[in-house]
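Visitor: pasted the sequence and its predicted model underneath.
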Amino acid sequence: MPGTLFVVATPIGNLDDITIRALRVLREVALIAAEDTRRTGHLLIRHGISTPTTSLHEHNERKKGASLVARLAAGDSLALVSDAGTPTISDPGMPLIRAAIEAGIRIEPIPGPNAAVTALSVSGLMTDSFTFLGFPPIRSKDRNMWLEQLRATAGAAVFYEAPHRIHATLSDVVHAVGDRPALVARELTKAHEELVRGPISTLFGQLKSSRGEFTVVVDVGCEAPAAPSVRHQIGQTIDFGVGKRQAVAALADQVGVSANDLYKAIEKLKNIGQ
């Protein structure tokens, strides 16, 4: 009789965020297919689990899937885990699941933590309808298509981003959908968890650090807030330690005019008391 492939959600940070059922399954299966065996090893040691592991990640999952399906077909039950959260949600595992489906293997989900849903739950935004957009692509063409998808979204949009790209991505999102209300969640459930809320343009300045893993929730479907004045936007930028000339240059780049023209316009407004 074939075994069962258990798709097991694991903690996104705090190692105590795992269900009793998930722990039982991880103890009882013959093998755990893990995105990173070292990272999963920390979780297993924490909970006293000695089940053997094997690596299954984006670079080997198509090649290795056949041998894992063969074990399932021979009667072994296996668990699939990713580094954090629910497998296949912006994580490896889908090729193995598809191969198991084709082979007639029983697949059983073991639900648990998910960064997108966790961030949504504390966003304070309307979450009756939301779209999950994964990680924004890096290549220009794909990124523009992603931004178009974001622009077409109704309700809340949720996505993940790496620390070295979060600032650029927030800027791209403002250009695409306007300065919408949003939440940036950094290092969810970890010791240095940070949640900042407000118009997108203000979020990066509120963050204590740009390190860690980011989950962003944007209320794309709401009415855009009134645009702040040019002076207010420049004043906010200067508050973050940027000089006036650099602040004007950054705003000019956002609105598509030359920095010199914008600077002259600001000086003219100052002279007439605007």
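Guide: Perfect, thanks for sending it.
Visitor: ok, Thr54 - how many residues close by?
Guide: 15 (other C-beta atoms under 10 Å). Glycine gets a C-beta too; all of them are placed from N, C-alpha and C.
Visitor: helix or strand: which one has it?
Guide: strand 53-55 (DSSP states H and E).
Visitor: which strands and helices sit next to that strand?
Guide: strand 31-34, helix 37-46, helix 61-73 (3 or more C-beta pairs under 8 Å, 6 or more residues apart in numbering; DSSP states H and E).
Visitor: what's in contact with that strand?
Guide: Strand 53-55 is contacted from outside by 31-37, 40-41, 44, 64, 68, using C-beta atoms under 8 Å, 6 or more residues apart in numbering.
Visitor: how about CSV for the helices and strands packed on strand 53-55, with distance to Ser171 added?
Guide: Formatted as CSV, the helices and strands packed on strand 53-55 follow (distance: least, C-beta to C-beta, whole Å):
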stretch, distance to Ser171
strand 31-34, 35
helix 37-46, 31
helix 61-73, 34
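Visitor: just say which of the ones you listed is most tucked in.
Guide: strand 31-34 (a mean of 24; mean count of other C-beta atoms under 10 Å).
Visitor: CA atoms of it as PDB?
Guide: In PDB, the C-alpha atoms belonging to strand 31-34 read as follows (Å, rounded to 0.1, in the frame of the first residue of the first chain):
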ATOM      1  CA  LEU A  31      11.800  10.700   5.800                       C
ATOM      2  CA  ILE A  32      11.500  14.500   5.800                       C
ATOM      3  CA  ALA A  33      12.200  16.300   2.500                       C
ATOM      4  CA  ALA A  34      13.500  19.800   3.600                       C
END
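Visitor: ok, it: who's next to it in the sheet?
Guide: Strands that pair with strand 31-34, judged by DSSP bridges, come out as strand 53-55 (parallel), strand 78-81 (parallel).
Visitor: next SSE downstream of the last one?
Guide: Meaning strand 78-81. helix 94-102.
Visitor: most neighbours per residue, which of the strands paired with strand 31-34?
Guide: It is strand 78-81: most buried of the strands paired with strand 31-34 by mean count of other C-beta under 10 Å, with a mean of 27.
Visitor: state the distance from the closest residue to Thr86 other than its chain neighbours to Leu170.
Guide: Closest residue to Thr86 apart from its sequence neighbours, by C-beta to C-beta, 6 or more residues apart in numbering: Ala9 at 4.3 Å. Noted for Ala9: a distance of 28 Å to Leu170, by C-beta to C-beta, to the nearest Å.
Visitor: what does Arg98 give?
Guide: 34 Å.
Visitor: surely Leu147 and Asp172 touch.
Guide: Yes - with contact defined as C-beta atoms under 8 Å, Leu147 counts as touching Asp172 (6.2 Å).
Visitor: now do the shared contacts for the two.
Guide: Joint contacts of Leu147 and Asp172 (C-beta under 8 Å, 6+ apart) are Pro136.
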